[in-house]
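>>> everything below, folded, please.
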Amino acid sequence: MTRLVDRGRSLEELERERCPTPSAEASRLVTTAHTLRLRPIGELTVEDMRLLIGQDVGLAFLLPLALEVLRDDPMAEGDMYEGDLLSAVLTRSPAVWNEWPELGRELAVIVSELIELTDLTPHLSQVTERFLAR
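Got it, this is the predicted structure:
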């Protein structure tokens, strides 16, 4: 799915939803996600996308961007491990792929090509098999 989105706008602007500033007691994850929602999506790094997608934040805008990255480098790495963006994308709820089936089909192509070319780690093999079996 090609979606023309102004990459100079933040998730907060694109979703037209303002989230309250986290309290001082909020976890680092909550605080970081809030901060990233305010950053223009075109400036988000692989790690930023991995974190937000893993929290189901901004999926309508971030999944297409993540698939762009994964098309070029299926094993793109944030701060966790090689392929962590792919893992974050693959482990979204099946309802996500029902909502955006064209993204699911595109991801299936990326993953199928990757399997042919690469020996995946046990974790990535497992989440890939689970995704393809859906």
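>>> what residues does whichever helix in the chain runs longest touch?
Counting residues, the longest helix found in the chain (DSSP state H) is helix 101-117. Applying CB atoms under 8 Å, 6 or more residues apart in numbering, the contact partners of helix 101-117 are 1, 63-64, 67, 70-71, 74-75, 86, 89-90, 96-97, 120, 128, 131-132, 134. Glycine gets a C-beta too; all of them are placed from N, C-alpha and C.
>>> report the next helix or strand after it in sequence order.
The helix or strand immediately downstream of helix 101-117 is helix 122-133, counting by DSSP states H and E.
>>> buried stuff in that next one?
By neighbour count with 16 or more other CB atoms under 10 Å, helix 122-133 contains the buried residues 124, 127, 128, 131.
>>> who does that helix touch, helix- and strand-wise?
helix 84-90, helix 101-117 (3 or more CB pairs under 8 Å, 6 or more residues apart in numbering; DSSP states H and E).
>>> what's the spacing between the residue most central in space within the chain and residue 24?
Ranked by distance to the mean C-alpha position of the chain (CA atoms, centre = their mean), the top residue is residue 53 at 3.9 Å. Distance, residue 53 to residue 24, by CB to CB, to the nearest Å: 27 Å.
>>> got it, and residue 78?
Remark: distance between residue 78 and residue 24 (CB to CB) = 27 Å.
>>> more neighbours: which of those two?
Applying other CB atoms under 10 Å to residue 78 and residue 24 shows that residue 78 carries more neighbours, namely 19 against 6.
>>> isn't the more buried one up against residue 44?
No. Between residue 78 and residue 44 no contact is recorded; they are 10.6 Å apart, counting by CB atoms under 8 Å.
>>> so who does the residue lying closest to residue 42 once chain neighbours are set aside touch?
If the residues on either side of it in the chain are set aside, residue 42 comes closest to residue 7, at 2.9 Å by CB to CB, 6 or more residues apart in numbering. Shown in contact with residue 7 (CB under 8 Å, 6+ apart): 40, 41, 42.
>>> residue 7 belongs to a helix?
No. Counting by DSSP: H, G, I helix; E, B strand; the rest coil, residue 7 is located in no helix; its state is coil.
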